[in-house]
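A.B. asks: Quick one: sequence and predicted model below, then my questions.
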Amino acid sequence: MTEERTTVTTDEHGNTHSSTTVYTDRKEGGGAGKWIFLVILLVAVVGGIIVLNQMGGAEIAKDNAVAEAANEVGDAAQSVGEAAEDVADEVTGG
């Protein structure tokens with residue numbers, strides 16, 4: 001529904017002024033814009049989750065590689081220790 005209101009005023013010099021105001025009950029659109037924004041937001045959130053997930057996998061792989069290298073260093077140190085004991089036993093005649 002649309003309503004039009006006209007206001008007429010007279011100033012102290014006798015000049016008449018009028019203004020018209022139009023009121024409407026029409027609701028603004030924008031439904032499509034809201035849906036587009038929500039779809040873009042959803043795509044951004046899903047993309048962020050995928051990126052963070054891949055970065056987390058890289059961190060786990062790096063941590064596993066460091067742990068494996070540490071185990072190999074430990075095994076090598078064990079072998080060196082055993083070889084040193086063998087040499088010491090041969091030198092002392094034991």
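C.D. replies: Yep, that arrived. Numbers count the residues shown, from 1 in each chain.
A.B. asks: how close does the residue nearest to the spatial centre of the chain sit to residue 18?
C.D. replies: By C-alpha atoms, centre = their mean, the mean C-alpha position of the chain lies nearest to residue 48, the distance being 4.6 Å. With the distance defined as C-beta to C-beta, to the nearest Å, residue 48 ends up 57 Å from residue 18. Using the backbone N, CA and C atoms, a C-beta is placed for each residue, glycine as well.
A.B. asks: Residue 9 contacts residue 15, correct?
C.D. replies: No. Residue 9 lies out of contact with residue 15 (C-beta atoms under 8 Å); the separation is 9.1 Å.
A.B. asks: quick check, the residue nearest to the centre of the chain in a helix?
C.D. replies: Yes. According to DSSP: H, G, I helix; E, B strand; the rest coil, residue 48 belongs to a helix.
A.B. asks: For it, give its distance to residue 57.
C.D. replies: Shown here: residue 48 relative to residue 57, a distance of 15 Å by C-beta to C-beta.
A.B. asks: and residue 14, backbone torsions?
C.D. replies: When read as degrees, to the nearest 10, the backbone of residue 14 gives phi 90, psi 10.
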